[in-house]
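Engineer: Here's a sequence, model it:
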Amino acid sequence: MERRLAVLISFSGAGGVERMIMNLLPAFLQAGVCVDLLAILRKPAPELIRLNGSGLRVLDLGVGHTALAVPELIRYLKTERPFALLAAKDRAIRAAVLAKRLSRVETRLVGRLGTHLSAAMANKPALVRWARQWPMREMYSAVDRIVAVSDGVAADTRQIAKLPPEKIVVIRNPVITPQMLEKSRMSPDHPWFESPEVPVILGAGRLTRQKDFATLIRAFAGVRAAVNSRLVVLGEGRLRSVLEKLARELGVADAVSLPGHVANPYAFMARSSLFVLSSAWEGSPNVLTEALTLGTPVVSTDCPSGPREILRDGRFGPLVPVGDAERLAEAMLSTLRSPMDSKLLREAAAEYTVERSAARYMEVLGFDR
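Structural biologist: Next comes the predicted model:
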């Protein structure tokens, strides 16, 4: 008998969640599972093109917000009755719980969470935090399993949703794929990588408060005062003008490049002298894992959560306090002068392969029985 898996996700841009799900889908299909992607297309998702001909069935739910997807999701569940439903992100989990309850099907429901919500909501008003967290306490008990991307996210979710430990399982992100390694061997489209004489320091992520690139630029100004170097930050966001102004004020604008979103960040990572994660919070930062996989030395903030787990308490790269530009600059200088062996760095990321991650998902979804 055919056993079908449905995957519910909202495409809101080139985010890490969308990328991780796209990495998992081919592995599910190769394992012989029929997969329906239930897509909420808030923005175009050109990445779906690479799965054409794979056997994946893409169903556009025809709405621009997850909360509006419940009626169509009910119709789907009643008609197709999939063996399991994987819902990515909090709002999708809540919509899936409601749809399953109203459709009265036996589908196994698994939710995936990739954000340390307490850290993300720390500066929000109490009423806003309550409005986000209360539904989790009310609805998550109806989920068969919650997948957390790190131990930190698991602990935070247990505390917020008041779930028993056995309800939450940690599965590392499917970061390492053959396509990623192949792309890393290409040349980055940036003139600063054409000459190895001046080391290039790299950051990557949306230009938002969460990534705290302002602290990275302040730290870089300190580094450049000691070592001739350059900083490239990949990504786009509403803080672009603020960051550009800061670089001018610190006198490093000629050595800071913000090229925006690039199609192949792995080529940049593989040829950088140092990768820096300056985030105020994360769930499990994929860019840090990617840099390790490509053998690039790293420095990271000790933010909640993920970096401490990935870097094994600082064994594979220094951890510095969030928002501390002076400590960050010291760690960057130290690592530039004495980088770790690239082979050791690659070994540190070995558990983040798509094969290992997909196998754990299949187990939690019940397809190994």
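
Engineer: what residue ranges in the protein score low on pLDDT?
Structural biologist: Of all residues in the chain, those with pLDDT under 70 make up the ranges 1, 13-14, 369.

Engineer: Let me see the ranges of the strands in it.
Structural biologist: Secondary structure of the chain by DSSP state E: the strands cover 4-11, 34-41, 57-60, 84-88, 108-113, 145-148, 168-170, 200-204, 230-234, 256-260, 274-277, 298-301, 319-320.

Engineer: For the last one, enumerate the helices and strands it packs against.
Structural biologist: In this case it means strand 319-320. Other helices and strands packing on strand 319-320, by 3 or more Cβ pairs under 8 Å, 6 or more residues apart in numbering; DSSP states H and E, are strand 298-301, helix 325-337. Using the backbone N, CA and C atoms, a C-beta is placed for each residue, glycine as well.

Engineer: Paired strands for the shortest one, with orientation please.
Structural biologist: So that's strand 298-301. Here strand 298-301 has these sheet partners by DSSP bridges: strand 274-277 (parallel), strand 319-320 (parallel).

Engineer: and Lys100, which of the strands of the chain is closest to it?
Structural biologist: Distance to Lys100, taken as Cβ to Cβ, is lowest for strand 108-113 among those, at 5.7 Å.

Engineer: which helices and strands sit right next to the closest one?
Structural biologist: Contacts of strand 108-113 with other secondary structure elements, assessed using 3+ Cβ pairs under 8 Å, 6+ apart, are made with strand 84-88, helix 90-103, strand 145-148, helix 354-365.

Engineer: And it, what's buried?
Structural biologist: Of the residues in strand 108-113, those with enough neighbours to count as buried (16 or more other Cβ atoms under 10 Å) are Arg108, Leu109, Val110, Gly111, Arg112, Leu113.

Engineer: likewise stretch 129-144?
Structural biologist: Within stretch 129-144, the residues scored as buried using 16+ other Cβ under 10 Å are Arg129, Arg132, Gln133, Pro135, Met136, Met139, Tyr140, Val143.

Engineer: and if you look at stretch 164-177?
Structural biologist: Within stretch 164-177, the residues that qualify as buried by neighbour count (16+ other Cβ under 10 Å) are Lys167, Ile168, Val169, Val170, Ile171, Arg172, Asn173, Pro174, Val175, Ile176, Thr177.

Engineer: Closest one of those residues to Tyr361?
Structural biologist: Ile171 (6.2 Å).

Engineer: Please name the nearest non-neighbouring residue to Lys78.
Structural biologist: Distance criterion Cβ to Cβ, 6 or more residues apart in numbering; nearest residue to Lys78, sequence neighbours excluded, is Ser103 at 5.0 Å.

Engineer: The one you found: how many residues sit nearby?
Structural biologist: Other residues near Ser103 number 17, with proximity taken as other Cβ atoms under 10 Å.

Engineer: nearest spatial neighbour of Ile93, skipping sequence neighbours?
Structural biologist: Sequence neighbours aside, Gly111 is the residue nearest to Ile93 in space, at 3.7 Å (criterion: Cβ to Cβ, 6+ apart).

Engineer: picking up where we left off before, mind checking which of the buried residues of stretch 129-144 are in helices?
Structural biologist: Arg129, Arg132, Gln133, Pro135, Met136, Met139 (DSSP state H).

Engineer: From Ala126, how far out is the third one?
Structural biologist: I take that to be Gln133. Relative to Ala126, Gln133 is positioned 10 Å away (criterion: Cβ to Cβ, to the nearest Å).

Engineer: now swap in the second one and tell me
Structural biologist: From Arg132 over to Ala126 the distance is 11 Å, taken as Cβ to Cβ.

Engineer: Please apply the same query to Pro135.
Structural biologist: Relative to Ala126, Pro135 is positioned 16 Å away (Cβ to Cβ).

Engineer: Return the set of buried residues in stretch 314-326.
Structural biologist: Of the residues in stretch 314-326, those buried by neighbour count under the rule 16+ other Cβ under 10 Å are Phe316, Gly317, Pro318, Leu319, Val320, Val322, Asp324, Ala325.

Engineer: and the fifth one, bridged to which residues?
Structural biologist: This means Val320. Using DSSP bridges, the bridge partners assigned to Val320 are Thr301.

Engineer: for it, what are its contacts?
Structural biologist: With contacts defined as Cβ atoms under 8 Å, 6 or more residues apart in numbering, Val320 is in contact with Val299, Ser300, Thr301, Asp302, Arg327, Leu328, Glu330, Ala331.

Engineer: possible to save those as TSV with distance to Leu41 and neighbour count?
Structural biologist: Conversion of the contacts of Val320 to TSV gives the following (distance: Cβ to Cβ, whole Å; neighbours: other Cβ atoms under 10 Å):
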residue	distance to Leu41	neighbour count
Val299	37	29
Ser300	33	28
Thr301	33	28
Asp302	37	17
Arg327	42	18
Leu328	38	27
Glu330	45	17
Ala331	41	24
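
Engineer: Out of these, which comes closest to Ala255?
Structural biologist: With Cβ to Cβ as the yardstick, the closest approach to Ala255 among the contacts of Val320 comes from Leu328, at 16.5 Å.

Engineer: Leaving out sequence neighbours, find the closest residue to the closest one.
Structural biologist: Spatial nearest neighbour of Leu328, chain neighbours left out: Ala219 (3.9 Å); criterion: Cβ to Cβ, 6+ apart.
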